[in-house]
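> Show me the folded form of this:
(one chain, ligands or ions: 1)
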Amino acid sequence: MTTLRHVTSINDLTNEEVERVFDLARRFLSELGDTRLKGRARGRRTSQRIGRSAHTGAGQILANLFYEPSTRTRLSFESAMLRLGGGTITSADPASSSAAKGESLADTVRVVSSYADAIVIRHPRDGAAKLAAEYASVPVINGGDGAHEHPTQTLCDLFTLSREKNKLKNLNVVISGDLRGSRTIHSFVYALARFGANIIPMPGAAGMELPAHVDWRLKNEFNCRPVAKGESAVDAAYVTAVEPHQLSLMASPETELGVKLKKGIDVVYVTRFQKERWAGGKQDYMKVDSNFLKDKKYKRSAVLHPLPRVGELDIALDKNRRAAYFQQASYGVPIRMALISMLLDFDADHALDKFESGFRAGEYPLYEQPRKTGVRCANPNCIVHDPQEGIYTANRFHFIPSNPPRLRCFYCESDIEDMLAGHRRTRHYEAPGADMTAKKLKDVVFFADAAQARAAGYSPGRGAKQAAVG
Ligand code: NCD
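Take a look at the predicted model:
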């Protein structure tokens, strides 16, 4: 392996690489016995077990570091590595590992890098996988970090859609439930947009909309056009403008959406209320059941759910021909076999180092500043704010040259939208321009507001008046 590749976000993989994962997963599925359940058989108690094993991973070890509960992700990673002929070591109970003694993630992954050939990590903090990747000397795979992302679930989701619907482009996909707290949704929407699907958000309750930074990225970085029509939530959508010349022919956003939705909803993706990421108790929450699906637009919808379900998806649907969620979960094994094989170079034709790294990696300049002064990540659940882990992180951001510019946390990828730029030489601060190169960024300190800038000994510059006064 020539380069060390990590998968901390779905955007660490190019579209071509995702297709290669699917290619290989399909091969594993057919080698191991494809148990795809069709039609009414979905409801029968048919085993979803995949048969024989491959042996390309013999002698290799996968370490699972799980700091949060898991059934599917952990067991399917273990099963995948075992079916590849490799071995697994797992730490799934933080109370019985050195984490309970106060050991940091950074130290743990440095140690585990000498025990295993790849590490899967699940952690309650957003950005934990990125921190682990900074310190590990073997590939790190994000098995879910806080509310940030869950890229391997997205691979299973997309793979399910590609098999159920034979395509991803132009699919109409309803994403429903806890759009704010579900990390599966965040990886999923980026991938849907990249493959040209239309996204129709249906929050499970008020306040459960997509986070502002995810919404911003869909619109500004993933070629999505937001379209709203009337009051009905189903009629608001992100339309992926894969064919801009065609879209411009449409009379209005309403017409455009009407045309797109006319063929009905292809997919309903349901998520549970992420109670562990919300303060306060359970809210009124949507339920997807036969009543919900009786509208004719759902006639041909495949129903997906990353599972576990806790009431939001009626068990009476399990026998319904539209239910695809157990099939979706069964793909966890071949998909993870494929990803492990690619990361660890088990299969020369599918190795990840044959491609450019990542979807947009390296596109934005990095900004790093000492911790004593200036902005900090605004997401309170980011790993940088963890009392045990924070000292191992840098105060590092991607500089997004939008108008106005924003800073994206290197770890959790949430954005700071409002900041002031202090110039180290003149000690003046002002509203930042979008034209900052990596070199220029070295002469700048970003402040959260004017009070922070003044406290650091900076005074207003000529451009300070345009900036929001803190
Ligand atoms: C998801 C997760 O952990 O984010 N579970 C999974 O990996 N399939 C979804 C969830 O917990 O709601």
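
> Can you tell me the SS state at Leu24?
Assigned with DSSP: H, G, I helix; E, B strand; the rest coil, Leu24 falls in the helix class.

> Give me the pLDDT for it.
Note on Leu24: pLDDT of 93.

> near the ligand, which residues of the stretch 151-300 of the chain?
Neighbours of the ligand within the stretch 151-300 of the chain, by CB under 6 Å from any ligand atom: Gln153, Arg183, Thr184, Thr271, Arg272. Backbone N, C-alpha and C define where each C-beta goes, glycine included.

> Among the residues you listed, name the ones in helices.
Gln153, Arg183, Thr184 (DSSP state H).

> and of the residues you listed, the nearest to Tyr367?
Nearest to Tyr367 among these is Arg183, at 25.2 Å by CB to CB.

> residues contacting the spatially closest residue to the closest one that is not a sequence neighbour?
In this structure, Arg183 finds its nearest non-sequential neighbour in His150, 4.3 Å apart by CB to CB, 6 or more residues apart in numbering. His150 sits next to Thr73, Asn142, Gly143, Gly144, Arg183, Thr184, His186, Ser187, Pro306 when contact means CB atoms under 8 Å, 6 or more residues apart in numbering.

> what do you get for Leu155?
For Leu155, the contacting residues are Ile10, Val18, Val21, Ile335, Leu339, by CB under 8 Å, 6+ apart.

> which residues in the chain form helices?
15-32, 72-83, 105-112, 128-135, 151-165, 183-194, 212-220, 244-247, 253-262, 290-293, 325-330, 332-343, 438-441, 450-455.

> list the helices and strands the third one packs on?
It stands for helix 105-112. Secondary-structure packing of helix 105-112 (3 or more CB pairs under 8 Å, 6 or more residues apart in numbering; DSSP states H and E): strand 61-66, strand 118-123, helix 128-135.

> cutoff 10 Å now
When contacts are defined as 3 or more CB pairs under 10 Å, 6 or more residues apart in numbering; DSSP states H and E, helix 105-112 packs onto strand 61-66, strand 87-91, strand 118-123, helix 128-135.

> try the last one
Applying 3+ CB pairs under 10 Å, 6+ apart, we find helix 450-455 packed against strand 420-423, strand 428-430, strand 444-447, strand 459-460.

> Tell me the residue of the stretch 301-450 of the chain that sits nearest the ligand?
Nearest to the ligand in the stretch 301-450 of the chain, going by CB to the nearest ligand atom, is Pro306, at a distance of 3.9 Å.

> can you give me phi and psi for that residue?
The phi/psi pair for Pro306 (degrees, to the nearest 10) reads phi -70, psi -20.

> ok, it - how many residues close by?
Pro306 is flanked by 26 other residues according to other CB atoms under 10 Å.

> How about the contacts made by it?
Shown in contact with Pro306 (CB atoms under 10 Å, 6 or more residues apart in numbering): 72-73, 144, 150, 153-154, 156-157, 182-185, 188, 269-272, 325, 328-329, 332.

> What is the neighbour count of the nearest residue to Gly86 once chain neighbours are set aside?
Using CB to CB, 6+ apart and skipping the chain neighbours, the partner closest in space to Gly86 is Gly57 (3.4 Å). Other residues near Gly57 number 24, with proximity taken as other CB under 10 Å.

> can you check the one 10 residues further on too?
By the other CB under 10 Å criterion, the neighbourhood of Tyr67 contains 22 residues.

> is the residue nearest to it when sequence neighbours are not counted in a bridge, and if so with what?
Leaving aside its sequence neighbours, Tyr67 sits nearest to His123 (CB to CB, 6+ apart; 4.6 Å). Beta-bridge partners for His123, by DSSP bridges, are Asp145.

> His123 and Asn291, how far apart?
To Asn291, His123 is 38 Å away according to CB to CB, to the nearest Å.

> Then Ser79?
Separation of Ser79 from Asn291 (CB to CB) stands at 36 Å.

> what does Glu31 give?
For Glu31, the distance to Asn291 (CB to CB) stands at 41 Å.

> Was I right to think His55 contacts Gly85?
Yes - using CB atoms under 10 Å, His55 is in contact with Gly85, at 3.7 Å.

> Compare these two (neighbour count), which wins?
For His55 versus Gly85, the count of surrounding residues by other CB under 10 Å is larger for Gly85: 15 against 12.

> Per-residue pLDDT of the more buried one, please?
On pLDDT, Gly85 comes in at 92.

> before we move on, what about Tyr67?
Listed pLDDT for Tyr67 reads 96.

> show me what contacts it?
Contacts of Tyr67 (CB under 10 Å, 6+ apart): 91-94, 97, 99, 105, 108, 121-125, 128, 143-145.

> In PyMOL, select just the buried ones from these.
A single PyMOL command selects the buried members of the contacts of Tyr67 (16 or more other CB atoms under 10 Å):
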select buried, resi 91+92+94+99+105+108+121+122+123+124+125+128+143+144+145
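
> In the chain, what helix or strand scores lowest on average pLDDT?
Every helix and strand of the chain was ranked by mean pLDDT, DSSP states H and E. The lowest is helix 244-247, at a mean of 38.
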